[in-house]
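Asks: The sequence and its predicted three-dimensional model are supplied below.
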Amino acid sequence: MSVAGSMAAAPFRGGRHARRLADRPLEPARGWVFAQHEPESEVAPSMPTIELLSPAGVVARNAVSLAPRVATLAGRVVGLLDNSKSGTRPFLDRVQDLLQREHGVSRIIRYDKHAAALPASDEMLDAASRECDVVINGIAD
């Protein structure tokens, strides 16, 4: 007996629209892609198998230790790394003002990436690590 035939034989409950839906044969949901295979199954040799593919990826978990914290920002050189998006510069301007006014930072060095989608160059990161005590990466849209 087919699945549709077994559904029609089930006791019916519902209004007039539900009856019309119950009388229709079952169809696969639109938008779903199924890869059908015809090899014989060990469980039921005459039944085809369906392979469902999940789009979920596996996340690699690489442990990265946090940078050591400084006790105070007073008298320190702070680097501000701009990711080149439109809102980052005014955001980092405000961060710079707060750091100098409220935390006694001695000097601010600004670094600008060429494109937000690209990583900072090795040369820029090397310069920031040599020239600064602390670097803040600003991301703003």
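Replies: That came through fine.
Asks: Am I right that Val134 is in contact with Pro68?
Replies: No. The pair Val134 / Pro68 is not scored as a contact, 10.3 Å apart, by CB atoms under 8 Å. Every residue, glycine included, has its C-beta placed from N, CA and C.
Asks: which one of the two has more residues nearby?
Replies: Just comparing Val134 and Pro68: by other CB atoms under 10 Å the higher neighbour count belongs to Val134, 16 against 5.
Asks: For that one, which non-adjacent residue is spatially closest?
Replies: Closest residue to Val134 apart from its sequence neighbours, by CB to CB, 6 or more residues apart in numbering: Val78 at 4.9 Å.
Asks: give me every residue that touches the one you found.
Replies: Val78 makes contacts with 99, 105, 107-109, 132-136, as judged by CB atoms under 8 Å, 6 or more residues apart in numbering.
Asks: cool, and Leu81?
Replies: 111, 113, 120, 124, 128, 135-138.
Asks: Restricted to buried residues, select those residues in ChimeraX.
Replies: In ChimeraX syntax, the buried subset of these is picked out as below (16 or more other CB atoms under 10 Å):
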select :111,113,120,124,128,135,138
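Asks: Which members of the contacts of Leu81 are positioned in strands?
Replies: Of these, the ones assigned to strands by DSSP state E are 111, 135-138.
Asks: Nearest to Thr49 among those residues?
Replies: Lowest distance from Thr49 to the ones in strands among the contacts of Leu81 (CB to CB) belongs to Asn137, with 49.2 Å.
Asks: Just give me the longest helix of the chain.
Replies: The longest helix of the chain (DSSP state H) is helix 88-103.
Asks: Please spell out the segments of the protein that come in under the pLDDT threshold.
Replies: For the chain, the stretches flagged by pLDDT under 70 are 1-47.
Asks: follow-up on the earlier one: export the ones in strands among the contacts of Leu81 to JSON lines and tack on distance to Asp93?
Replies: Below are the ones in strands among the contacts of Leu81 laid out as JSON lines (distance: CB to CB, whole Å):
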{"residue": "Tyr111", "distance to Asp93": "14"}
{"residue": "Val135", "distance to Asp93": "17"}
{"residue": "Ile136", "distance to Asp93": "13"}
{"residue": "Asn137", "distance to Asp93": "15"}
{"residue": "Gly138", "distance to Asp93": "10"}
